[in-house]
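*Asks:* A predicted structure for the sequence below; I have some questions about it.
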Amino acid sequence: MYEPRSFLDKVFLVIKGLGMGAANKVPGVSGGIVAFVAGFYEEFIYSLQRINSKAFKLLFNGRFKSFYQYINGQFLSLLIFGMLVSYFSVSKLLDYFLEQKELYVWATFFGMIIGSIYYISKDYQHWSKKTIPIGALGLIIGVSISFLSPARENDNLLFIFFCGIISVSGMTLPGLSGSFILILLGNYVLLLVDSVNSLYDTIAEIIKGDFGFVRNEERLNTLLILAMFTAGSATGLVTLSHILGYVLKHYRYITTAMIIGFITGSLGVVWPWKRTIFMTDDQGLTLLDSNGAGIVKNYQRYLPEISDPETWWSVLFILLGIALLIALEIYGKSRQQKE
């Protein structure tokens, strides 16, 4: 299906997986944008699309090599490996900077999304009576999502499975942030903070030879929630890829118009200048997660003060984000010319 990859290509594929994993963790940023801009979005969708009845038939018949080749296994395994590593490394670093320098992190991502819009739309020459309304619809939906109010946390396992299906949309639909959708569903902290930290702690304990977690009912329940969430994510990833594969094949220009509008609308979610609002109980006390951190409810956006030095530093980081995307485009073109 695809040409064999060099060692350097494999390394870059893992790095792209790291980028997707980090982007999926940040509310408002879509891992699908990374795939789209980095030039492997269609291969990602079509590879997932190959996880079908024929693939399972090969697997159950013991034809593992044929199964691996059929689903473009090298591509998927390297990319998913990068994403998994990201959740325990890059995303942890990102969590730190979001806590210490939140404004500058949001500013950088804001710039990267502006760069993404430029990257995707600069060569798009198919605006017409059909695509303009679709692009406008994508814009309206993107803006509307950014102003929805979140629900409260819900640990029902069927709902967790549903969260997995919905959240994975950020990897397959550029501009739709799966982590932001989890905030709206009320389960961002439970699924992307508490559950991941529980898995990290469990793995660390197992490496040390400590299996005391098997008697920790709360830990086991959190791991069960994570397992259900993972199952939902896998289901959603394969299901959505089949739908998107069909759409990309038959309605490419309309789909691209929708993506451009959607990504543009998502700028409202990552607007750098915003204050965090936390959930409170009936007495007005801030609700905390298991780590003692406030449970995010929503953001209050505001216009920056021109006289504030922080504002100009933020603008600099926005320009840095745009520059990163332009550099990625230049790198991609140079790679194509060499090939």
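*Replies:* Done, it's in.
*Asks:* please tell me how far residue 133 sits from residue 168.
*Replies:* 28 Å (CB to CB, to the nearest Å). For every residue, glycine as well, the C-beta is placed using N, CA and C.
*Asks:* ok, these two, which is more surrounded?
*Replies:* Comparing residue 133 with residue 168 by neighbour count (other CB atoms under 10 Å), the higher total belongs to residue 168, at 27 against 13.
*Asks:* what's near enough to touch that one?
*Replies:* Residue 168 makes contacts with 178, 232-233, 236-237, 240, as judged by CB atoms under 8 Å, 6 or more residues apart in numbering.
*Asks:* swap in residue 80?
*Replies:* residue 17.
*Asks:* state the helix or strand in which it lies.
*Replies:* helix 73-87 (DSSP states H and E).
*Asks:* show me what counts as buried in that helix.
*Replies:* 73-76, 78-79, 82-83, 86-87 (16 or more other CB atoms under 10 Å).
*Asks:* make TSV from the contacts of residue 168 and add distance to residue 187 and neighbour count to it.
*Replies:* Listed next are the contacts of residue 168 as TSV, based on distance: CB to CB, whole Å; neighbours: other CB atoms under 10 Å:
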residue	distance to residue 187	neighbour count
178	11	28
232	11	23
233	13	21
236	15	22
237	18	19
240	19	20
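*Asks:* reformat these as CSV; add secondary structure, distance to residue 186 and pLDDT.
*Replies:* Formatted as CSV, the contacts of residue 168 follow (DSSP: H, G, I helix; E, B strand; the rest coil; distance: CB to CB, whole Å; pLDDT from 0 to 100):
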residue, secondary structure, distance to residue 186, pLDDT
178, helix, 14, 77
232, helix, 16, 92
233, helix, 17, 89
236, helix, 18, 87
237, helix, 22, 84
240, helix, 22, 82
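*Asks:* and residue 164, what are its phi and psi?
*Replies:* With angles defined as degrees, to the nearest 10, residue 164 sits at phi -60, psi -40.
*Asks:* go ahead and confirm it touches residue 227.
*Replies:* No - the pair residue 164 / residue 227 is not scored as a contact, 10.0 Å apart, by CB atoms under 8 Å.
*Asks:* who has more neighbours, these two?
*Replies:* residue 164 (25 against 15).
*Asks:* ok, now which ones touch that one?
*Replies:* Contacts of residue 164 (CB under 8 Å, 6+ apart): 228-236.
*Asks:* which ones are touching the closest residue to it other than its chain neighbours?
*Replies:* The shortest distance from residue 164 to any non-neighbouring residue, by CB to CB, 6 or more residues apart in numbering, is to residue 232 (2.2 Å). By CB under 8 Å, 6+ apart, the residues touching residue 232 are 160-165, 167-168.
*Asks:* what about 10 Å?
*Replies:* 157-168, 191 (CB atoms under 10 Å, 6 or more residues apart in numbering).
*Asks:* can you put those residues in TSV and add distance to residue 19 and secondary structure?
*Replies:* Listed next are the contacts of residue 232 as TSV, based on distance: CB to CB, whole Å; DSSP: H, G, I helix; E, B strand; the rest coil:
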residue	distance to residue 19	secondary structure
157	31	helix
158	32	helix
159	29	helix
160	26	helix
161	27	helix
162	27	helix
163	23	helix
164	21	helix
165	23	helix
166	22	helix
167	18	helix
168	17	coil
191	21	helix
